[in-house]
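Visitor: Build me a model from this:
(2 chains)
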Amino acid sequence: MSKYITARSKRFSFLIEKKTLFTSLILIFITMAIMSVSIGVGELYISPLDVIKSLTGTGAGINNVVIHEFRLPRILIAVIAGASLSLAGAILQGIIRNPLASPDMLGITSGAGFAAVTFITVFSSQSNNLTVSIGYLPVAAVTGAFLMGALIYLLAWKRGISPVRLILIGVGLMTAAQALTTLMIVLGPIYAAPQATIWLTGTVYATNWKDVYSLLPWFLILTPLLLAFARKLNVQELGDDVSASLGHSVNKNRFLLLLISTALAGSAVAFTGAIGFVGLVGPHIARRLVGSSFGALLPVSGFLGAIIVLLADLAGRTIFSPLEVPAGVFTAAIGAPYFIYLLFKNHG
Amino acid sequence: MNGVIQSSKAKIAILALAVLLLAVCMALSVVFGYTDTSWKTAVAAFTDFNGSNQHLIIRNARLPRALIGAAVGISLALAGVLLQAVTRNPIASTDIFGLNAGAGFFIVMAVSFFQISSLQQFTWIAFLGATVSALAVYILGSAGRSGLTPIKMTLAGAVIAAMFASLTQGMLVANQKALEEVLFWLAGSIQGRKLEFLYPVLPYLLIAWIGSLLMFRQLNTFLLGEDVAKSLGQRTLLFKVLAGVLIVLLAGGSVAVAGPISFIGIVVPHFARYLVGNDHRWVIPFSAVFGGILLITADIGARYIVLPEEVPVGVMTALIGTPFFIHIARKGSFK
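Guide: Numbering: from 1, shown residues only, chains lettered A, B, ... in the order given. Prediction:
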């Protein structure tokens, strides 16, 4: 029996590894399962039966409001943002050829964070309200992420990009961005401070359908683009010399991939804040599940990222209830040690 | 590598000048600030104290601030020298490696969970935090087949720093009241610190300063490479452990007093090596003095840059340090 399923037509041919397909299906199932639990559980418990009733449009008043207005958008944002961050991490790890790279380690999320905190500080009125629409916040964050990505790339350029230099510059700029963020928080009106720190830790608290509709297009455009690029990522991982000798324009590919990664991370961070370690851990687990061919790695990373953020949010809402702990705290508290464990297990 | 200054006499002369400059900076730090004071008032505050507002500010705010600035600057610079030598990594420093973040996290945890506010305990908690993150970075950085490489250690440091930073943020979100108290401290600042903050830490810092000065020969040997050092009879493990203890004392002590202040530990040792070359007999005293000068100068600048507000000095050093850091990263021949 073949290891692969072949999908072939006149225009394209596609090999799908059975193991990957199987893993993906299981992960989709797990994602769905956590989503349904997450919809029912919270400050107001709604039984699974009522959840189904409400989703099919036959539920009772209060359940409908809670599910449709609060929980569904929040859960969807968690899924999309988690997947985006994890994909962004998978790309970066491919470009840099280092399993420790991720949007947060490279400072891209710090750039987005600085832009967003500046936005909050500048446009806050005395009565703790924003003077412009919150809709511009994501624009600010994505711009920040792009500028940071561009700055890292420019500063790391010295007759081409060395992955190590890219990381070092990223780490340095991250520290600078964090210092500037602190400056904004300290100098800004004090009422903006708690708001800004909650956002910086990363949370999907209080998202609404508008957020979902603003984030979704980014994800829907970038992901197919990325999958089309998977082949190039595979070659890129062989090293600069090998991929150049195979006829790839290494720096051009690296630039495009960096751009996609920045856009994914920036758009996700815009709506959820800097949920850390998802971009680090997601791809890492994915690699252990399906190996490092990007055709398989990317989708599996996406699902895992979604699952991680969903779980972190669920835990944040329930464990210390009625206190809401931001999802980012859980991803950091669990993500970092788990990651260290993985590293040991892999390399002994 | 030889430095710009070659002869020993010139080195001594310039070191003496630098010490003088440090003294001048400290004096400037006492006289200049938001409250207008003159040199005459500053002197009178000590010789002829009359209890006026200006005298009080000079004696209770400005002088401690200058002393703490010097102590913290010296400590951070020395920690950077030791760390760069032990790891043979030009961009090693206690902030990049997460030591400062670790110490910070432990202190915030102590404040919000265990209601600890005694300064004596602060010191120990900061040492503990710095030790935990140093060990974590070392172990994480040496995992894997290729052993301890500079790049792995840097990344491991960034991971640990990010983890502690997130956890600190999370704790502050859960405990809003603590937020306002520690926010300025977290940014790294020597403003409003009383001398009582420095006293419990000072003995450890002094031990670490003297220890670093005495270690120059071992540091020079170790720089030849671990194998060469071993064959020359150096007990490299003992050396690394001792250096590690000194680094933890220096970093933990600094954070306990001033919060995490970044980039001094990177910038200063490079500048010192540029001046006097790789001989640690000179690198260590030069770094110490320049560390003090840099921190105090940055702190004076922090008072004026957005009057009437004060910028935390940690922000200033980060902004000064980043271009320099990028320069080092670009210059280095990393594969």
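Visitor: Name the residue closest to the centre of chain A, please.
Guide: Nearest to the mean C-alpha position of chain A, counting by CA atoms, centre = their mean, stands residue A:85 at 1.6 Å.
Visitor: What segments of the stretch 151-300 of chain A are helices?
Guide: Counting by DSSP state H, counting those that start in this stretch, the segments of the stretch 151-300 of chain A that form helices are A:163-187, A:192-201, A:209-236, A:240-245, A:250-272, A:278-290, A:294-318.
Visitor: Which residues in the shortest one does the neighbour count mark as buried?
Guide: By neighbour count with 16 or more other CB atoms under 10 Å in any protein chain shown, helix A:240-245 contains the buried residues A:240, A:243. Yep, even glycine has a C-beta here, placed from its N, CA and C like the rest.
Visitor: looking just at contacts, which helices and strands does the helix or strand harbouring residue B:45 meet?
Guide: Secondary structure assigned from DSSP states H and E places residue B:45 in helix B:39-47. With contacts defined as 3 or more CB pairs under 8 Å, 6 or more residues apart in numbering or on different chains; DSSP states H and E, the packing partners of helix B:39-47 are helix B:8-31, helix B:53-57.
Visitor: which residues touch the shortest one?
Guide: Same thing as helix B:53-57. B:33, B:35, B:37, B:41, B:44, B:45, B:49 (CB atoms under 8 Å, 6 or more residues apart in numbering or on different chains).
Visitor: what about the fourth one, how many neighbours?
Guide: Other residues near residue B:41 number 17, with proximity taken as other CB atoms under 10 Å in any protein chain shown.
Visitor: hang on, the earlier thing: if you average pLDDT over each of the helices of the stretch 151-300 of chain A, which is lowest?
Guide: Note on the helices of the stretch 151-300 of chain A: lowest mean pLDDT is at helix A:192-201, with a mean of 69.
Visitor: Dump stretch A:275-291 to CSV, keeping only the CA atoms.
Guide: Taking Å, rounded to 0.1, in the frame of the first residue of the first chain, the C-alpha atoms of stretch A:275-291 are listed here in CSV:
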residue,chain,number,x,y,z
ILE,A,275,0.3,35.8,22.9
GLY,A,276,3.8,34.5,23.3
PHE,A,277,5.4,31.1,22.5
VAL,A,278,2.7,29.9,20.2
GLY,A,279,4.9,30.5,17.2
LEU,A,280,7.7,28.7,19.0
VAL,A,281,5.9,25.6,20.3
GLY,A,282,3.3,25.0,17.6
PRO,A,283,5.7,24.3,14.8
HIS,A,284,8.0,22.4,17.1
ILE,A,285,5.3,19.9,18.1
ALA,A,286,4.2,19.7,14.4
ARG,A,287,7.7,18.7,13.4
ARG,A,288,7.6,15.9,15.9
LEU,A,289,4.2,14.7,14.6
VAL,A,290,4.7,14.9,10.8
GLY,A,291,8.4,15.6,10.1
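Visitor: Pull out the buried residues from it.
Guide: Neighbour counts over stretch A:275-291 (16+ other CB under 10 Å) mark A:275-287, A:289-290 as buried.
Visitor: helix/strand/coil for residue A:43?
Guide: Put simply, residue A:43 is coil when judged by DSSP: H, G, I helix; E, B strand; the rest coil.
Visitor: does it really touch residue A:324, like I thought?
Guide: No. Counting by CB atoms under 8 Å, residue A:43 does not reach residue A:324; the two are 9.2 Å apart.
Visitor: of the two, who's got more company?
Guide: residue A:324 (19 against 11).
Visitor: Might you report the residue contacts of the more buried one?
Guide: Listed by CB under 8 Å, 6+ apart, the contact set of residue A:324 reads A:203, A:205, A:316, A:317.
Visitor: pLDDT at the closest residue to the third one other than its chain neighbours, what is it?
Guide: Leaving aside its sequence neighbours, residue A:316 sits nearest to residue A:325 (CB to CB, 6 or more residues apart in numbering or on different chains; 4.2 Å). According to the per-residue confidence, residue A:325 scores 78 in pLDDT.
Visitor: Verify the contact between residue A:325 and residue B:171 for me.
Guide: No. Between residue A:325 and residue B:171 there is no contact under CB under 8 Å: 9.7 Å.
Visitor: low-confidence ranges in the stretch 51-200 of chain B?
Guide: Across the stretch 51-200 of chain B, the ranges flagged by pLDDT under 70 are B:117, B:119, B:144-148, B:176-181, B:183-184.
Visitor: Could you pull out the helices in it for me?
Guide: Under DSSP H, counting those that start in this stretch, the stretch 51-200 of chain B gives helices at B:53-57, B:63-87, B:99-113, B:119-142, B:150-174, B:176-186, B:195-198.
Visitor: Can I get whatever helix or strand residue A:35 lives in in PDB? Just the C-alpha atoms.
Guide: Using DSSP H and E, residue A:35 sits in helix A:18-40. The C-alpha coordinates for helix A:18-40 follow below in PDB (Å, rounded to 0.1, in the frame of the first residue of the first chain):
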ATOM      1  CA  LYS A  18      -1.500   9.600   4.400                       C
ATOM      2  CA  LYS A  19       0.100  10.200   7.800                       C
ATOM      3  CA  THR A  20      -0.300  13.900   7.400                       C
ATOM      4  CA  LEU A  21      -3.900  13.600   6.300                       C
ATOM      5  CA  PHE A  22      -4.700  11.400   9.200                       C
ATOM      6  CA  THR A  23      -2.900  13.700  11.700                       C
ATOM      7  CA  SER A  24      -4.700  16.700  10.300                       C
ATOM      8  CA  LEU A  25      -8.100  15.100  10.600                       C
ATOM      9  CA  ILE A  26      -7.400  14.200  14.200                       C
ATOM     10  CA  LEU A  27      -6.300  17.700  14.900                       C
ATOM     11  CA  ILE A  28      -9.400  19.200  13.200                       C
ATOM     12  CA  PHE A  29     -11.500  16.900  15.400                       C
ATOM     13  CA  ILE A  30      -9.600  18.000  18.600                       C
ATOM     14  CA  THR A  31     -10.000  21.700  17.600                       C
ATOM     15  CA  MET A  32     -13.700  21.200  17.100                       C
ATOM     16  CA  ALA A  33     -14.000  19.300  20.400                       C
ATOM     17  CA  ILE A  34     -12.300  22.100  22.400                       C
ATOM     18  CA  MET A  35     -14.300  24.700  20.600                       C
ATOM     19  CA  SER A  36     -17.600  23.100  21.600                       C
ATOM     20  CA  VAL A  37     -16.400  22.700  25.200                       C
ATOM     21  CA  SER A  38     -15.300  26.300  25.200                       C
ATOM     22  CA  ILE A  39     -18.600  27.500  23.900                       C
ATOM     23  CA  GLY A  40     -20.500  25.900  26.800                       C
END
